[in-house]
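Novice: Below are the sequence and a predicted model for it; my questions follow.
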Amino acid sequence: NAGVTQTPKFRILKIGQSMTLQCTQDMNHNYMYWYRQDPGMGLKLIYYSVGAGITDKGEVPNGYNVSRSTTEDFPLRLELAAPSQTSVYFCASGQGANTEAFFGQGTRLTVV
Amino acid sequence: GQQVMQIPQYQHVQEGEDFTTYCNSSTTLSNIQWYKQRPGGHPVFLIQLVKSGEVKKQKRLTFQFGEAKKNSSLHITATQTTDVGTYFCAGPASGTYKYIFGTGTRLKVLA
């Protein structure tokens, strides 16, 4: 059972480049989340989705975009990478509104 | 916006000592979750508390939800080296499905 899968695991971007972080889950969860974790810090919510076609901003959405065309996939898009976006990005999914979240292994992104 | 603070930020204990981390929210929470993140790993769900004053135990871990549902604590009895990691609380921002994570407490256990 794969759970939540994130790709890539590592990526180095140059300033101004764009990329998409992929996240897919095979648990048929409606709720999906994107968090970022700066070194030695806590997790900040970027965007979340309560179902296919529905997304909403979290605490730190600026510089990011998301889409949710299917239940399984929740990609995160960075349009113009900036050094401040250097972080570890975690995708998570949950069955319902107040249920446990299952996290992926994370994507470590460095913007230089 | 809602803030969730945890204290202490860091804690070093000798193996066998007890450990407690405290979580305080600026707003009332409908529920609170606790997660553990091992160094280099991803957060893993430990437990969810829903009721005011609720206490739950998992082996050496005791979780408590405050009467006012604005604070929570995690107590570990007789720590072991396997307890090393960062412990986060998380709760939904009022009236939303946004789960806001606390600042975390990093635990080191010295053998």
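Specialist: Looks like it arrived, so ask away.
Novice: Name the SS class of B:Leu46, please.
Specialist: Put simply, B:Leu46 is strand when judged by DSSP: H, G, I helix; E, B strand; the rest coil.
Novice: Give me the distance between it and chain A.
Specialist: Here B:Leu46 is placed at a distance of 9 Å from chain A (C-beta to the nearest C-beta, to the nearest Å). (C-beta placed from N, C-alpha, C; glycine too.)
Novice: And for A:Tyr35, the neighbour number?
Specialist: When neighbours are counted by other C-beta atoms under 10 Å in any protein chain shown, A:Tyr35 registers 28.
Novice: do the helix or strand harbouring B:Gln11 and chain A meet at all?
Specialist: Secondary structure from DSSP states H and E places B:Gln11 in strand B:10-14. No: for strand B:10-14, no contact with chain A is found by C-beta under 8 Å from any C-beta of the partner chain; the gap never falls below 9.7 Å.
Novice: Now do the strands in chain B.
Specialist: Per DSSP state E, chain B carries strands over the ranges B:4-7, B:10-14, B:19-25, B:32-37, B:44-49, B:55-58, B:61-65, B:71-76, B:85-92, B:99-101, B:105-110.
Novice: Could you check the angle the third one makes with strand B:32-37?
Specialist: By that I understand strand B:19-25. 130 degrees (axes from the mean of the first three to the mean of the last three C-alpha atoms, to 10 degrees).
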